[in-house]
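Peer 1: Need a 3D model of the sequence below.
(chains A and B)
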Amino acid sequence: MSQAGLAAAITTVDEIAPEPRQALRNLILALADSKRILGIRYADWVLGAPELEASIAASSIAQDEWGHSRILYALLKDFGDEPDQIEHEREPSAYYSIEALDESLATWPDFVVANAITDTALTIQLEALSESRYAPLRQRVKKQLDEERFHFGHGRAWLRKMGQASDAARASLQAALAARWPAIVSWFGPDDHGALLSEAGFSDATGGEARARLVDRVAPIIEASGLEVPTPNLDFSGWDPSSRRSRRGGPDSDAIARARGDRNRTFLMD
Amino acid sequence: MPDKVYIVFARKARAEPLRHVGSVHASDPELATVYAWKTYDEERWFEMAVAPRDAFYPVNRAEAPFNIVTAQAAEA
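Peer 2: Numbers count the residues shown, from 1 in each chain, chains lettered A, B, ... in the order given. Below is the predicted model:
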């Protein structure tokens, strides 16, 4: 981090003006919700992956994502949110999770695309916070990024393995990618989304910059797997900058029940 | 690419020797590294490395414990 950045480090949100403070809070919630739902989607494959080792990896990376979301939810206390309410009480429509994870990962190609591409989109967003002036956030990013290296390795290796396996496997992967790609690249918002945070030193990427970084990161692994990078028409007409979603309603109710821990309420402790 | 057995080595501190902690089946080295890290996660390892089992040459025993050729691999 630069000397200027260190000098300007902020340890409590009271030091942040209301507008960027709200934007930063929304960004943390979007990451936390996306990671919570991603953990649930990964967990669905703990018993069904094509290899024993992949099942073990799915279990481990699901726990990583769950852990990351807990760390991020806890940060929201500083912003005036009640972490217990955020984690356990919200309706699906209040979730800020990435739309690409609204449905379960029905097939292994769906898992591979979520692992290699959707998870990487979240990582790109997290990386943009690794030099944030808001110290409590910056300090919690590195460990998550260390773990994400293995998620990316797993996703990249499986993308390559399936892409090279057969025409049918490659076609199913391309279809899974095409279905999710528009929601993944739209998640970063219009090109100038987040400019407020970027200019104030809380993030180092606007929506357009983060999207370009994602494409730079994943296009080589998509192409090396014999697949094509889809080219969606980005349309932000119904896009909500707080939740970073166009679709209302949130993820399916089963995923939300699991995200909230509905069946474990009796075990909740103060 | 067919699966290979990769032998996993790890140590908890720089001062320790690497030790053999187990093995994973994987179709390429990158997947082997991820599988190894995620499977043998019982410690906070200082260092972990993997190598394909067929890179090892037995010295004093034709069937050293981690060099045993499985029936499936022998047929391939």
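Peer 1: Would you double-check that B:His20 falls in a strand?
Peer 2: Yes: counting by DSSP: H, G, I helix; E, B strand; the rest coil, B:His20 is located in a strand.
Peer 1: pLDDT at it, what is it?
Peer 2: pLDDT, B:His20: 94.
Peer 1: again, but for A:Gln85
Peer 2: Listed pLDDT for A:Gln85 reads 92.
Peer 1: Show me what from chain B comes close to chain A.
Peer 2: B:1, B:3, B:24-28, B:30-31, B:33-35, B:37-39, B:41 (C-beta under 8 Å from any C-beta of the partner chain). In this view, the C-beta of every residue, glycine as well, is placed from N, C-alpha and C.
Peer 1: let's see 7 Å
Peer 2: B:24-28, B:30-31, B:33-35, B:37-39, B:41 (C-beta under 7 Å from any C-beta of the partner chain).
Peer 1: Buried ones only from those, please, as a PyMOL command.
Peer 2: Selecting the buried subset of the residues of chain B next to chain A in PyMOL, with 16 or more other C-beta atoms under 10 Å in any protein chain shown as the burial test, is done by:
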select buried, chain B and resi 24+26+27+30+31+33+34+35+37+38+39
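Peer 1: Make a markdown table from the residues of chain B next to chain A and add pLDDT and secondary structure to it.
Peer 2: Listed next are the residues of chain B next to chain A as a markdown table, based on pLDDT from 0 to 100; DSSP: H, G, I helix; E, B strand; the rest coil:
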| residue | pLDDT | secondary structure |
| --- | --- | --- |
| B:Val24 | 95 | strand |
| B:His25 | 95 | strand |
| B:Ala26 | 96 | strand |
| B:Ser27 | 94 | coil |
| B:Asp28 | 94 | coil |
| B:Glu30 | 96 | helix |
| B:Leu31 | 97 | helix |
| B:Thr33 | 97 | helix |
| B:Val34 | 98 | helix |
| B:Tyr35 | 98 | helix |
| B:Trp37 | 97 | helix |
| B:Lys38 | 96 | helix |
| B:Thr39 | 96 | helix |
| B:Asp41 | 92 | coil |
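Peer 1: ok, so of the residues of chain B next to chain A, who is nearest A:Arg70?
Peer 2: B:Asp41 (18.2 Å; C-beta to C-beta).
Peer 1: pretty sure the closest one is touching A:Ser60, no?
Peer 2: Yes: using C-beta atoms under 7 Å, B:Asp41 is in contact with A:Ser60, at 6.4 Å.
Peer 1: Now do the SS call for B:Ile7.
Peer 2: strand.
Peer 1: what helices or strands is the helix of greatest length in chain A leaning on?
Peer 2: When chain A is parsed with DSSP state H, its longest helix is helix A:135-163. Under the contact criterion of 3 or more C-beta pairs under 7 Å, 6 or more residues apart in numbering or on different chains; DSSP states H and E, helix A:135-163 touches helix A:52-75, helix A:108-113, helix A:119-127, helix A:167-186, helix A:207-224, helix B:29-39.
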